[in-house]
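Colleague: any chance you can model this:
(one chain, ligands or ions: 1)
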Amino acid sequence: MIIEVIKTDITEFELDAIVNAANTSLLGGGGVDGAIHRKGGKKILEECITIRNRQGGCKVGEAVITTAGNLPCKFVIHTVGPVWNGENPKTNTLLANCYQNSLEIAFNYNIETIAFPNISTGIYHFPKLKAAEIALKTIKNFKNIESFKRIILVCFDEENLTIYNNLIKQNI
Ligand code: ADP
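Modeller: Sure, this is the predicted structure:
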């Protein structure tokens with residue numbers, strides 16, 4: 001299994017799953033969440049509403065799964081990143097939980113190919129380098145990592161792309 005870093009729009013992937021940086025309401029929002037719901041269509045929103053009615057949305061650090069509507073992938077895993085409010089170990093743990101819980105759901109659904117956006121580094125303002133270090137560490141330490149064929153870290157901006165490529169080069 002090789003971790004890949006690609007600069008592109010995550011909604012383009014024909015993978016088993018893409019991960020959405022959602023919010024606790026699960027009703028859609030801006031950034032990557034908006035792009036996924038716009039392109040995926042109402043099927044994704046309907047499934048999110050069903051989950052919301054059942055369990056009251058999604059807590060920060062947790063993850064839920066839906067099918068992918070009109071997107072070319074099979075599933076969307078919605079996880080809610082923490083909002084950056086300054087240095088706090090709890091915030092770091094919550095971001096790690098997003099990657100951990102998304103991978104756990106993926107593993108349970110026999111998902112072998114998955115793409116992540118740079119969770120919390122947009123509207124939620126998590127520092128990009130710190131977020132990348134947490135993402136890579138959590139993915140590499142995932143206990144069932146060998147069951148995945150591709151894990152793609154999608155960078156939407158040049159800064160994240162440079163950060164991830166540097167960390168991968170340093171084998172972090
Ligand atoms: P958050 O609220 O978790 O910060 P955002 O959607 O604002 O979520 O940003 C998360 C990351 O997703 C940012 O790095 C942003 O540049 C990136 N992003 C935004 N749109 C897309 C997209 N279509 N594909 C991939 N990444 C995207």
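
Colleague: count of residues packed around K143?
Modeller: Here the number of neighbours of K143 (other Cβ atoms under 10 Å) works out to 10. Every C-beta, even on glycine, is put in place using the N, C-alpha and C of the backbone.

Colleague: again but with G34, I slipped
Modeller: G34, neighbours per other Cβ under 10 Å, totals 12.

Colleague: give the contact list for it.
Modeller: G34 sits next to G28 when contact means Cβ atoms under 8 Å, 6 or more residues apart in numbering.

Colleague: now the one 3 residues further on
Modeller: Neighbouring residues of H37 by Cβ under 8 Å, 6+ apart: G28, I44, L45.

Colleague: mind doing that once more with 6 Å?
Modeller: By Cβ atoms under 6 Å, 6 or more residues apart in numbering, H37 lies in contact with G28, I44.

Colleague: what about it, which helix or strand?
Modeller: helix 31-40 (DSSP states H and E).

Colleague: ok now that helix, how far from the chain's centre?
Modeller: Averaging C-alpha positions (Cα atoms, centre = their mean, to the nearest Å) puts helix 31-40 13 Å from its chain's average.

Colleague: next one: that helix, is it in contact with the ligand?
Modeller: Yes - using Cβ under 6 Å from any ligand atom, we find that helix 31-40 touches the ligand at G31, V32, D33, A35.
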